[in-house]
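# Have a look; sequence and predicted model below, questions after that.
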2 protein chains.
Amino acid sequence: MSLSLFLRLRKWPQKKHKDHGMSCRIKRTRFQSFVDDAEPEKAKERLDALRAWMRAEKVDAFVLPRSDAWQNEYLRACDERLKWLTGFTGSAGLLVVLAKGAALFVDGRYTIQARQQVRGDLFEILQVPHVKPQDWLAERLEASARVVFDPWLMTKGQAGRWRKALKKRGAAFEPVWTNPVDALWADRPPEPDTPIFLQPESLAGRSVSEKLKDVKRALAERQATHALITLTDSISWLFNIRGRDIPHTPVVLAFALVPLQGPARLFIAPQKVPDDMQKALAGHVEILAPEMLKTAIASLPGEARVLIDPAHAAEALYLWLEEAGVSVVEGEDPCLMPKACKTEAEQEGMRAAHMRDGVALCRFLAWLEEAAARGEVDEIDAVAKLEAFRIETAEALGSALFDISFDTISGAGPNGAIVHYRVTCDTVRPLKPGSLYLVDSGGQYRDGTTDVTRTVFIGPPDLTPRPEQKFHFTLVLKGMIALSRIRFPEGTTGAQLDGLARQPLWQHGLDYDHGTGHGVGAFLSVHEGPQRISRGGDVALRPGMITSNEPGYYREGHYGIRIENLILCRKAERREGEERAMLSFETLTLAPIDRRLIEPSLLSAEERAWLDAYHAHVARVILPLLEELGDTSAQEWLKKACAPL
Amino acid sequence: MSLSLFLRLRKWPQKKHKDHGMSCRIKRTRFQSFVDDAEPEKAKERLDALRAWMRAEKVDAFVLPRSDAWQNEYLRACDERLKWLTGFTGSAGLLVVLAKGAALFVDGRYTIQARQQVRGDLFEILQVPHVKPQDWLAERLEASARVVFDPWLMTKGQAGRWRKALKKRGAAFEPVWTNPVDALWADRPPEPDTPIFLQPESLAGRSVSEKLKDVKRALAERQATHALITLTDSISWLFNIRGRDIPHTPVVLAFALVPLQGPARLFIAPQKVPDDMQKALAGHVEILAPEMLKTAIASLPGEARVLIDPAHAAEALYLWLEEAGVSVVEGEDPCLMPKACKTEAEQEGMRAAHMRDGVALCRFLAWLEEAAARGEVDEIDAVAKLEAFRIETAEALGSALFDISFDTISGAGPNGAIVHYRVTCDTVRPLKPGSLYLVDSGGQYRDGTTDVTRTVFIGPPDLTPRPEQKFHFTLVLKGMIALSRIRFPEGTTGAQLDGLARQPLWQHGLDYDHGTGHGVGAFLSVHEGPQRISRGGDVALRPGMITSNEPGYYREGHYGIRIENLILCRKAERREGEERAMLSFETLTLAPIDRRLIEPSLLSAEERAWLDAYHAHVARVILPLLEELGDTSAQEWLKKACAPL
């Protein structure tokens, strides 16, 4: 899945395509929905109710970002406050409500969608960063105005910027501990109560007590006495636990307080913790109800020095720490780096998940080639079929698909050029012969997370792609291969590698507006820090890190091209004459790259050799598994798809 | 000139090579010295005197970094306090003196040199960052100890780190306003009193009042009322003035206070400002004695908000601002970005300077090829001859060499592998047939600054380089060409380009331990921010920026290879089919690259075409000038050196 700022995918229909004449036969699959359940028509009454509360509480403005207490990418239904109030379903946005007037701030990805989804008479749509919400509000306030916000929904840094901007104006920026939306939202879904479960040590590769030792070592180095861990994937990693509260991302929503000595405390509703887990964690982890977190912070000794990550922790936690009178040590979440460097067991699990996922994807691509050439497939059909192949293949191979790892991006023709596209019944397009189709998807398996993009040419064998389609596809492929083949010394950052993937496009005045690669978790979030391969990637790549490799090219109104593999950073074998220990990437993803779209004359001998070797490897691994499943048509297809160029 | 952390070149003899049997015929040239004038034998008495002062003042420790009040790279003789006290001549170091014991902290470049230069019984040599000076000192202090430092020699950030580390220990870190070394240093050289001079607007391309307008706009944007400018090259740029106080870098040592309204104030000894300049600056600049700076700060209105760059400004200035009770706005020096983006006039000046410098360098290389093949040249001879060619050529072409832009790095054989090498009478080596010779040098001309490295094979025409010499040289060349040829969109950072220059080496397990490129000033510092092409280069490259392009390879004990051109970032001409406005580099440096060292089979067709085109361009520009000078032997040599591969 592509990223820009870890992009947070949600729907972004560029236009209503109702005129495509497609009936929306499939409204939802097990893991993905194609219909919009927002209620923009109720925005007026909801806004009125909020303003009544504001008047009663003498509040001049209320600020509501799309967020939850953990700054998650995907939200639980009960945290979709912005959607409930406005009807806007984008993944990033911030609402400011005044006594008169309200403004919804979205970034460039979402301006069109926001205009389509929310009532223009109620909400002004403004684009960040062109307009800064703080400045916009400050200009509209009297001095001595009161602005309130929910301190769980902003990090300390965010709240600080608001406070500073409003202070200049003489206005106060105050936390409100009960979010007014929650009080007004009569049928607000309950917090999910699904039990959490253990990630077995055989898959995690390290025990909780070993991981806790590392965190405690980091505490000692920073001269801190406690770590307050707030990132949900850090907590899931640290305690080898997973959950089902959030779509597509098996994280556990909890907080943890890890002292330098003694047991760690995990704050989570006890009814979500099965007995066997209580036992498994006993000794080094105490489980406490979330309500106890405030008390636990308040009871910290006065000389406590609490490590907390300012980039991710909610303002609310800072306020509690301040109230407790303890010292705050700001620093990176101590789980980030060890979580990113996968254990041998996690690497093995990721390889196994990619084999399974590769089989499903090859079956899908084999089916697609025929069905789409007959003109029988639309974007939603494709999503449904791919999901079905993933479910069926995993089961047939003795595993199970836990979830998809994000809403599949299924972009036919011009929809493929919308980087953040998510198909709905309103936007669905047929896959037409002669066009390109981009499919970006992934699976969550108990042993690993996948994320893969393929772009294929739609049409019968006698139809050939246009030269420009092949030209652009091959430039993207060259960038992808450059990164796949690179060797580099320890200490090299993602930014230093980013240009290599772009160079073939750059030389022709082309580029793509997203990063080249993001970190990927092991049965965790499909977007994981701290490393990335992009302009801002200032973290050195280390052995064990898994990152996507996904250059692209987007021709607005025509087609999108993206080729994405996951790559595992490893120590490279030392070759003769080499003076330094080098790192290189092992490609995990196993699926052919559409040979019809490649212009061989644009590839160097080395690039061609890499591609042929990759295809031979895919065939070697996937063919026996297709044979095991008895899928002969996919076998035939794969043999052809993996033939040397 | 290579950089690592804007490397600050000084002597670094790896070993004493007295056994080379070379008499040191040349002790110094007009601009460079090959002898060491430190006085390590006097360290004991000087240290005793300092300790007497410490006892009298009840000081437990004194901290002395190698620095001046502006954090310059090169220091005036009167600012060489560390050298005076210890005998150490490296460009970076910090001394801590206790009642018993003293430690000199240097980085990995200087550990060997420091051990050779200072008395081991007086000074312990410790390597940063392995040992942190603050922690080392904190461990040796009683609680309630008093540590003092000169607040002009540390930035606010540096002083803050010391204060914090010592506070944990209960110790105080106090500024001392009169540096005790100055009081003890009986024959301390006076501050130079050389007059400053104007950089004509025809060369600068912008008037002082235009530049001041830009600074004032930046002030308004940051809601500041004043800018306190402390970087010497910023001040020189802003007021179109230059000076002679510091070797090789024509900056003016001064401070400036620029208010949002009214004239700027330049704090500099009035006797250094000639009458014509007083007139030229009148109206928008007031000239005040340096002693007036404190008063000027103290007289700022209470509501003043003073912009200051925490990365460069001395702690002393922060203390004065604090005393004045004004608000401090921390931010990047507002001159940095406009200074880096050269005006058309500066670009033209740089081109002209490079033509002149190219002629001198070609004459030198032509001479070298013959003389060195006869075995008649050593590293110092080469430096002297190159300087003489620069002086003579500039004069013959109606200009003048103002200075060299840094001490020439002249590395024969194994000395070439020492990245920070500077030749002295102790280290000088002959240029031996069959070896490589690396020469990194530059000139300061009134219209521009040059910085160029060439690596050449020494030997008669019938001697051919060893295959590994050609292999390594060609890999370095491929990286240099990659950067020369690259096109990239606006917003691309130096870090994103850095990997392109390293990739050919990386693929063979090789690399170099310095950045690929540093910014270069226009008749200013040869090391200039904010952009660089390196791992940490997070600033986007913009049209008008001039950067070096200098990949290298260093084989310890054998040879060093570096090829360095200066490149000017420009808007690229739009080619058909290009969708984005692209940037590219124009190569400014004009000197052939040794064809004997190139292995043509390792070059792609495009790389070969670039090289041939570059050589043709060099010949086209330089040959007519050599003809003008009547240097026929250099003409003959250049024609051959620039022939197609």
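Happy to help now that I have it. Numbering: from 1, shown residues only, chains lettered A, B, ... in the order given.
# can you tell me how far the residue in the stretch 201-350 of chain A positioned nearest to chain B sits from B:Pro530?
Going by CB to the nearest CB, chain B is nearest to A:Gln223 of the stretch 201-350 of chain A, at 8.1 Å. (Glycine included, C-beta is placed from N, CA and C.) When distance is defined by CB to CB, to the nearest Å, A:Gln223 is 33 Å away from B:Pro530.
# Which of those two has more residues huddled nearby?
When A:Gln223 and B:Pro530 are compared on other CB atoms under 10 Å in any protein chain shown, the one with more neighbours turns out to be B:Pro530, at 18 against 12.
# and the more buried one, that's in a helix?
No. Counting by DSSP: H, G, I helix; E, B strand; the rest coil, B:Pro530 is not part of a helix but strand.
# Quick one: residues contacting it.
Contacts for B:Pro530 (CB atoms under 8 Å, 6 or more residues apart in numbering or on different chains) come out as B:332, B:336-337, B:340, B:519, B:539.
# So it versus B:Ile235, what's the distance?
B:Pro530 is 17 Å from B:Ile235, by CB to CB.
# returning to what we had before: for ChimeraX, write the select line for the buried members of the contacts of B:Pro530.
The buried subset of the contacts of B:Pro530, as determined by 16 or more other CB atoms under 10 Å in any protein chain shown, is captured in ChimeraX by this line:
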select /B:332,336,337,340,519,539
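# Show me how the record splits chain A into domains.
A:29-184, A:197-339, A:341-641 (automatic domain parsing).
# For those, give me a markdown table that also has distance to B:Leu122 and mean pLDDT.
A markdown table is the format used below for the domains of chain A (distance: least, CB to CB, whole Å; pLDDT from 0 to 100):
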| stretch | distance to B:Leu122 | mean pLDDT |
| --- | --- | --- |
| domain A:29-184 | 48 | 94 |
| domain A:197-339 | 33 | 94 |
| domain A:341-641 | 36 | 96 |
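# Point out the most buried one among these.
Comparing the domains of chain A by mean neighbour count (mean count of other CB atoms under 10 Å in any protein chain shown), domain A:341-641 comes out on top with a mean of 21.
# how about the strands in the stretch 1-150 of chain A?
Here the stretch 1-150 of chain A has its strands, by DSSP state E, counting those that start in this stretch, at A:61-65, A:94-98, A:102-106, A:124-127, A:146-149.
# Could you export those as JSON lines, including distance to chain B?
Putting those into JSON lines (distance: least, CB to the nearest CB, whole Å) gives the following:
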{"stretch": "strand A:61-65", "distance to chain B": "22"}
{"stretch": "strand A:94-98", "distance to chain B": "22"}
{"stretch": "strand A:102-106", "distance to chain B": "21"}
{"stretch": "strand A:124-127", "distance to chain B": "18"}
{"stretch": "strand A:146-149", "distance to chain B": "20"}
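# which residues touch the residue of the stretch 201-350 of chain A closest to chain B?
Contact analysis of A:Gln223 by CB under 8 Å, 6+ apart lists A:305, A:329.
# how about a cut-off of 10 Å?
A:Gln223 is in contact with A:260, A:305, A:307, A:327, A:329, B:168, counting by CB atoms under 10 Å, 6 or more residues apart in numbering or on different chains.
# cool, A:Ser484 as well?
A:Ser484 makes contact with A:501, A:549, A:565, A:567, A:584-587, A:607, A:610-611, A:614 under the criterion CB under 10 Å, 6+ apart.
# Now narrow the residues you listed to whatever sits close to chain B.
Counting by CB under 10 Å from any CB of the partner chain, A:501, A:584 from these sit close to chain B.
# now, among the contacts of A:Ser484, which is nearest to B:Thr449?
Nearest to B:Thr449 out of these is A:Ala501 (CB to CB; 34.5 Å).
# Wait, the closest one touches A:Pro551, no?
Yes. With contact taken as CB atoms under 10 Å, A:Ala501 and A:Pro551 are classed as touching, separated by 4.6 Å.
# Could you name every residue contacting both of those two?
In contact with both A:Ala501 and A:Pro551: A:476, A:478-483, A:512, A:515-517, A:533, using CB under 10 Å, 6+ apart.
# Can you flag which of those residues belong to helices?
Residues of those located in helices (DSSP state H): A:476, A:478-483.
# Go back to the shared contacts of A:Ala501 and A:Pro551 and keep what's next to chain B.
Among the shared contacts of A:Ala501 and A:Pro551, proximity to chain B is found for A:482-483, A:516 (CB under 10 Å from any CB).
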